[in-house]
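S.K.: Compute the structure for the input listed below.
(one chain, ligands or ions: 3)
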Amino acid sequence: MSNPRPNTPLLDKVHSPADLRRMSDGDLARLSDELRAETIWTVSETGGHLGSSLGVVELTTAIHAVFQTPHDKLVWDVGHQCYPHKILTGRRDRMLTLRQKDGLSGFTKRSESEYDPFGAAHSSTSISAALGFATARDLGEATGDAIAVIGDGSISAGMAYEALNNAGSEGRRLFVVLNDNEMSIAPPVGAMSRYLSELSKSPFGQMADEIAKHLPGPFREGAERAKALMTGATGDATLFEQLGFTYVGPIDGHDMGQLLSVLRAAKAQATGPVLIHAVTVKGKGYNPAELSDCCYHGVAKFDVATGQQQKSAPNAPSYTGVFGKRLLAEAEADPKIVAVTAAMPGGTGLDVMQKVYPDRVFDVGIAEQHAVTFAAGMAASGLKPFCAVYSSFLQRGYDQIAHDVALQNLPVRFCIDRAGLVGADGATHAGAFDICFLATLPNMTVMAAADEAELVHMMATMAAHDSGPIALRYPRGEGVGCDMPEQGEVLPIGKGRIVKQGDRVALLSFGAHLNETLAAAEELDARGLSTTVADARFAKPLDTDLIAQLVETHDALITVEQGCEGGFGAMVLHWLAKTGRLDGGVAIRTMTLPDRFIDQASPADMYADAGLTARDIAKAALDAVGVRISPQTAKATS
Ligand SMILES: Cc1ncc(C[n+]2csc(CCOP(=O)(O)OP(=O)(O)O)c2C)c(N)n1
Ligand SMILES: CC(=O)[C@@H](O)[C@H](O)COP(=O)(O)O
Ligand SMILES: [Mg+2]
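M.R.: Ligands and ions are numbered 1, 2, ... in the order given. Below you'll find the model as predicted:
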């Protein structure tokens, strides 16, 4: 399907933001319409984060028109809304490579453009980074103004308050644009969201006098009336003003005239931190997006005329889908089971349980640190909390896992979706580190599902495991299409399983790379190297009997995991070394992700880049047993 490319005569003249600064205000408004059409067309061909990008079309145009980017530093929060920004900053001709192998990142990225002064993808970092730039300017570095654009969802994270708190006390000239579209991925939650909702209903332009007087007539009267009204009505300043910011807003984030006036006035007058509250619509200007519950937050390729997305039929249930269903089943059987998500009820699958038990599922907003310790408090009180957080986002709550959960040995269940390489979201969302940062914690039990049937058993095991914290990791996307058990069977903690018996080479897989490991075993068998395949199931506690048996009865042991160095394979090596089993010389290879970040591509291409294909595993085994593969053989069989 190919959608007709929009006609964009004004946008065709824009090769950098400098071209915007030569346009009239009227042309900038017309340009934004073209930019919106171009964004819709682009994402219809590539898929990606459409809704948030459509919500900032005018804002993007106005900021680049008023501020001198790239000397002034524009820092996007999350960065999923950066497609209009990328189109205006010289990357329009590469937009069809968005989120693809060797293509443009789906988020801002320093190495991609001087207009991306700070990379993002994990939320709530923009104010901190922007304050860093502002401080560097004040210390003499060659940088200009700093502008952070943060959404109403992202400003619910603790890190944003740390930054507001510091910026408000530092008093440096800094611009924070709050892009308030009253949406996160799901509808926003929390008291802050409620507060912003009230604030955004206040009349236009409650702002400080020194900025209001620089506004054109009608805006100024409106602002003065609103200020009188607001001050009269409320008497106190906004939360942001009480933190030391000049608050400007709420303004219509789609009205180019308001945006340009307010940004110009703020730029002309600001001597300290300014927060501009722009009210926008997620998915603005594209009906299917505006009308959909998710505002087309993340979409597949689609037909522009209808909004119909191109989604291939699944070959197997998704891990997330199996997780959601099984959690509901476990929750039906045990009223003490509760669940916690950090603004991702749909992505984690908790929405399945939420529909049935809304009082037992807690969406705490984008607040992973709080989510973990909140779950710890519930565990300390006798409940059985399942804390469902994507692997890479769980990095945000690591000290809470160590300090509040593991050290106190509290029975929090960590359900870690998007473990391993995730594809189009690239390096920022890779679930590469959770095995390493969890298996090294005392008291922690760490499991990984080899397939969707194992996930069912491991969910039952988590529900039953009440003696301390336990984590279960599983990848993004579909399972392998295996037979599914009706019920989950509680697994013996710390016990793995032999999947295929051989006697020369032992492949010990942890998690969802079992299929590739079995394929490697086939190749090795075909070469006359009888191969055992074992599924470790646990990275902690290790099945040391199994490992000892494999090492004693095979010529080589190869560990395989969808995780970084320092994870499962390292734990195996530690144990072997500590028990002297390496002294006699054992042929061992640990197959892990490489010590580098891997850019977006398909998961298969990313694992090939990582050196974790079935062929790679087989080659490691051949190398370990000393069968050198001649270049010709390698070429012939590749
Ligand atoms: C630390 C972290 N947790 C969760 C996410 C997943 N995530 C991406 S965008 C988003 C919602 C952001 O809402 P908002 O800031 O309001 O931006 P909008 O999409 O409305 O433009 C979430 C939860 C993330 N990127 N980073
Ligand atoms: C921008 C962001 O962080 C989320 O939208 C993320 O891209 C969701 O990932 P999944 O598509 O794997 O749910
Ligand atoms: Mg939002």
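
S.K.: Next, the contact list for residue 576, please.
M.R.: Counting by Cβ atoms under 8 Å, 6 or more residues apart in numbering, residue 576 touches 547, 551, 582, 586, 588. Placement of C-beta: from N, CA and C, glycine included.

S.K.: Domain map for this structure?
M.R.: 11-299, 319-473, 497-636 (automatic domain parsing).

S.K.: Give me the distance from the shortest one to the chain's centre.
M.R.: Just to be clear, that refers to domain 497-636. 29 Å (Cα atoms, centre = their mean, to the nearest Å).

S.K.: Get me the contact residues on the chain for ligand 3.
M.R.: Residues of the chain lying close to ligand 3 (Cβ under 5 Å from the ion) are 151, 152, 153, 181, 183.

S.K.: Tell me how many other residues surround the second one.
M.R.: Applying other Cβ atoms under 10 Å, we find 24 residues neighbouring residue 152.

S.K.: Skipping adjacent residues, who's closest to the closest residue to ligand 2 within the stretch 1-150 of the chain in space?
M.R.: Nearest residue of the stretch 1-150 of the chain to ligand 2: residue 80, at 3.9 Å (Cβ to the nearest ligand atom). Excluding the flanking residues, the one nearest residue 80 by Cβ to Cβ, 6 or more residues apart in numbering is residue 49, at 3.9 Å.

S.K.: Let me see the contact set for that neighbour.
M.R.: Listed by Cβ under 8 Å, 6+ apart, the contact set of residue 49 reads 43, 80, 81, 83, 106, 297, 298, 299.

S.K.: same deal with residue 50?
M.R.: Residue 50 makes contact with 39, 40, 43, 283, 286, 289, 296, 297, 298, 299, according to Cβ under 8 Å, 6+ apart.

S.K.: cool, residue 68 as well?
M.R.: 144, 145.

S.K.: OK, contacts around residue 426?
M.R.: 99, 105, 106, 107, 121, 598, 599, 600.

S.K.: Check the burial of the closest residue to the fifth one other than its chain neighbours by counting its neighbours.
M.R.: Just to be clear, that refers to residue 121. Closest residue in space to residue 121, ignoring its immediate chain neighbours: residue 428 at 3.4 Å, by Cβ to Cβ, 6+ apart. Number of residues near residue 428 (other Cβ under 10 Å) recorded here: 20.

S.K.: Then residue 501?
M.R.: 10.

S.K.: which residues in the stretch 251-400 of the chain form helices?
M.R.: 256-269, 287-291, 319-333, 345-348, 350-356, 368-380, 391-394, 398-399 (DSSP state H, counting those that start in this stretch).

S.K.: Single out the most deeply packed of the ones you listed.
M.R.: helix 391-394 (a mean of 26; mean count of other Cβ atoms under 10 Å).

S.K.: pLDDT weak spots in this structure?
M.R.: Within the chain, the stretches with pLDDT under 70 are 1, 203-236, 628-638.

S.K.: Quick one: name the residues of this structure near ligand 2.
M.R.: The chain comes close to ligand 2 at residues 49, 78, 80, 185, 298, 347, 418, 422, 425, 476, as judged by Cβ under 6 Å from any ligand atom.

S.K.: Kindly reformat those as CSV and extend each row with distance to residue 248 and secondary structure.
M.R.: Shown next, in CSV, are the residues of the chain next to ligand 2 (distance: Cβ to Cβ, whole Å; DSSP: H, G, I helix; E, B strand; the rest coil):
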residue, distance to residue 248, secondary structure
49, 27, coil
78, 22, coil
80, 25, coil
185, 27, coil
298, 31, coil
347, 34, helix
418, 38, coil
422, 38, coil
425, 33, coil
476, 40, coil
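
S.K.: list the contacts for residue 542?
M.R.: With Cβ under 8 Å, 6+ apart, residue 542 has these contacts: 494, 536, 571, 572, 575.

S.K.: so what's the closest residue to residue 160 other than its chain neighbours up against?
M.R.: Nearest non-adjacent residue to residue 160, counting by Cβ to Cβ, 6+ apart: residue 124, 4.6 Å away. Contacts here follow Cβ under 8 Å, 6+ apart; on that basis residue 124 touches 77, 150, 154, 155, 157, 158, 159, 160, 366.

S.K.: Next one: the closest residue to residue 324 other than its chain neighbours from residue 387, what distance?
M.R.: Once flanking residues are discounted, residue 324 sits nearest to residue 349: 2.9 Å by Cβ to Cβ, 6+ apart. Residue 349 sits 13 Å away from residue 387, taking Cβ to Cβ, to the nearest Å as the criterion.

S.K.: who's more crowded, these two?
M.R.: Just comparing residue 349 and residue 387: by other Cβ under 10 Å the higher neighbour count belongs to residue 387, 34 against 26.

S.K.: what are the ranges of the helices in the stretch 451-600 of the chain?
M.R.: Along the stretch 451-600 of the chain, counting by DSSP H, counting those that start in this stretch, helices occupy 452-464, 514-526, 544-553, 568-578.

S.K.: From the contact counts, what lies against the first one?
M.R.: Applying 3 or more Cβ pairs under 8 Å, 6 or more residues apart in numbering; DSSP states H and E, we find helix 452-464 packed against helix 319-333, strand 413-416, strand 445-448, strand 470-473.

S.K.: re the thing from before, can you say which of the contacts of residue 124 are buried?
M.R.: Buried by 16 or more other Cβ atoms under 10 Å: 77, 150, 154, 155, 157, 159, 160, 366, out of those.

S.K.: Please tabulate these in TSV, including the columns secondary structure.
M.R.: TSV is the format used below for the buried ones among the contacts of residue 124 (DSSP: H, G, I helix; E, B strand; the rest coil):
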residue	secondary structure
77	coil
150	strand
154	helix
155	helix
157	coil
159	helix
160	helix
366	coil
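
S.K.: show me the residues around the residue sitting nearest the centre point of the chain that make contact.
M.R.: Centroid-nearest residue in the chain, with Cα atoms, centre = their mean: residue 429, separated by 4.8 Å. Neighbour list for residue 429: 121, 390, 392, 418, 422 [criterion: Cβ under 8 Å, 6+ apart].

S.K.: Identify the residues contacting the nearest residue to residue 109 once chain neighbours are set aside.
M.R.: In this structure, residue 109 finds its nearest non-sequential neighbour in residue 119, 4.9 Å apart by Cβ to Cβ, 6+ apart. By Cβ under 8 Å, 6+ apart, the contact list for residue 119 reads 79, 107, 108, 109, 110, 428.

S.K.: mind running it again at 6 Å?
M.R.: By Cβ atoms under 6 Å, 6 or more residues apart in numbering, the contact list for residue 119 reads 108, 109, 110.

S.K.: now, which of the residues you listed lie within strands?
M.R.: In strands, judged by DSSP state E, none of the contacts of residue 119 are found.

S.K.: near ligand 1, which residues of the protein show up?
M.R.: Of all the residues in the chain, those in contact range of ligand 1 (Cβ under 6 Å from any ligand atom) are 52, 55, 78, 80-81, 121-123, 151-154, 179, 181, 183-185, 282, 342-344, 366, 368, 393, 396.

S.K.: Would you check how far apart the residue in the stretch 451-600 of the chain that ligand 1 sits nearest to and ligand 3 are?
M.R.: Minimum separation of the stretch 451-600 of the chain from ligand 1 (Cβ to the nearest ligand atom) falls at residue 476, amounting to 13.1 Å. Per Cβ to the ion, to the nearest Å, residue 476 is found 23 Å from ligand 3.

S.K.: State the pair within the contacts of residue 542 that is farthest apart.
M.R.: Greatest spatial distance among these (Cβ to Cβ): 494 and 572, at 13.1 Å.

S.K.: out of these two, which sits in the more crowded spot?
M.R.: The neighbour comparison of residue 494 against residue 572 (other Cβ under 10 Å) goes to residue 572, with 25 against 18.

S.K.: Could you give the number of residues near the residue nearest to the more buried one when sequence neighbours are not counted?
M.R.: Leaving aside its chain neighbours, residue 572 sits nearest to residue 559 (5.4 Å; criterion: Cβ to Cβ, 6+ apart). With neighbours defined by other Cβ under 10 Å, the count for residue 559 comes to 28.
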